[in-house]
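Trainee: got a sequence here, can you build the structure:
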Amino acid sequence: TCVADPNALSIVVGNLLSNAISHQPDGGEVSVSVSTKDQNVLIEVSDKGPGISAEHLPRLFDRFYRVDPARGPSSGHSGLGLAIVQAIVENHHGTVEVESTPGKGSSFRVMLPVVPV
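Mentor: This is a model prediction of the structure:
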């Protein structure tokens, strides 16, 4: 059993899905999987979008950071989504990480500890 706030986790998954979908070309592919791994629940959201350059990865979860400055507040993007994801996940004693390859897509993985009942 994973002890978690379902509303908060829906924000996590919603933000990751929203990002993946909004960065897809027409006809792009987004996948979501949930599994268990090493006493953790693993939630993974992957896309086949443009990917993210390695230079951006260290700051990706910073508040207000945007890989594409053109996607600013006027476009409906605040730069807070991934910071919120990270804060919620850490509040659940979990971790979030990203792997991305330019031109091939990105995978965001959330690991939440399983608590014995």
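
Trainee: my understanding was that residue 60 contacts residue 81; is that so?
Mentor: No. Using Cβ atoms under 8 Å as the test, residue 60 is too far from residue 81 to be in contact (10.3 Å). Placement of C-beta: from N, CA and C, glycine included.

Trainee: give the pairing partners of the helix or strand harbouring residue 46; include direction for each.
Mentor: Per DSSP states H and E: residue 46 is located in strand 40-47. Applying DSSP bridges, strand 40-47 is found paired with strand 30-37 (antiparallel), strand 105-113 (antiparallel).

Trainee: give me the contacts around it.
Mentor: 2, 12-13, 16-17, 20-21, 23-24, 28-36, 94, 105-114 (Cβ atoms under 8 Å, 6 or more residues apart in numbering).

Trainee: generate a ChimeraX selection restricted to the buried subset of the residues you listed.
Mentor: To isolate the buried members of these in ChimeraX, using 16 or more other Cβ atoms under 10 Å:
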select :12,13,16,20,23,24,30,94,105,106,107,108,109,110,111,112
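
Trainee: which residues of the chain score low on pLDDT?
Mentor: Applying pLDDT under 70 to the chain flags the ranges 1-3, 65-79, 116-117.
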